[in-house]
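Novice: here is a sequence together with a model predicted from it:
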Amino acid sequence: MRAYLDLCCLKRPFDSQEHPLVRLETEAILALLGAPDERLHLIRCAAHALENAFNTVVPRREAVALWLSSAPLDLVPVNELRARASRLVSLGLGKFDSLHVASAELAAADVFVTVDYPLLSRARKTSSELQVRVTDPLRFAEEVFRDFSHH
């Protein structure tokens, strides 16, 4: 399965872990990041690097950059990316959200994972217009690891 974790997911482990939901999301994301390659391919795109470059919190920016550099970027055609991102903006998604969702679609992701609840809500409302399923890390981790055993 091919999954695109948006930058909010990649930064979640660095958020305050006081709230139980944040802790659960962090555990789910860390499990996904550690999933075996044969079970899950995590997509890395230039959109990740672009948004990460704007991160003013240096340890977060460096940790995400390290993850991005640990495998080749999935390339997407720039002209198609621009056109698709523009269409997604017209559907009500924010600019970076549109860039990430369009990147996921063009990189043939099966699922787009986010902890951005306004984005999850907008994606549900426009799901018929999207070419990728959008979900949160808890639901996705449950799906990925449901039948997984360590034999």
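Specialist: Arrived safely, thanks for sending. As the structure is a computational prediction, the values presented were derived from the model and not from experiment. Numbers count the residues shown, from 1 in each chain.

Novice: only C-alpha atoms from now on, for both contacts and neighbour counts.
Specialist: Will do.

Novice: got any ranges where this structure has weak pLDDT?
Specialist: 148-151 (pLDDT under 70).

Novice: tell me where this structure has strands.
Specialist: Ranges of strands within the chain are 2-5, 41-42, 111-113, 133-135, based on DSSP state E.

Novice: now do the longest one: distance to the chain's middle.
Specialist: Going by Cα atoms, centre = their mean, to the nearest Å, the spacing between the C-alpha centre of strand 2-5 and its chain's C-alpha centre is 6 Å.

Novice: right, and the strands of the chain - which one's nearest residue 121?
Specialist: With Cα to Cα, the closest approach to residue 121 among those belongs to strand 133-135: 9.7 Å.

Novice: the closest one pairs with which strands, and in what direction?
Specialist: Note on strand 133-135: by DSSP bridges, its sheet partners are strand 111-113 (parallel).

Novice: wait, which of the strands of the chain is closest to residue 91?
Specialist: strand 133-135 (15.0 Å).

Novice: how far off centre is that closest one?
Specialist: With Cα atoms, centre = their mean, you get 10 Å for strand 133-135.

Novice: now the helices: where do they sit in the protein?
Specialist: 7-11, 20-33, 46-53, 58-69, 78-90, 95-106, 117-125, 137-145 (DSSP state H).

Novice: can you tell me which of these is most buried?
Specialist: helix 95-106 (a mean of 23; mean count of other Cα atoms under 10 Å).

Novice: thought residue 136 was touching residue 28, still the case?
Specialist: No. The pair formed by residue 28 and residue 136 falls short of the contact definition of Cα atoms under 8 Å, at 9.4 Å.
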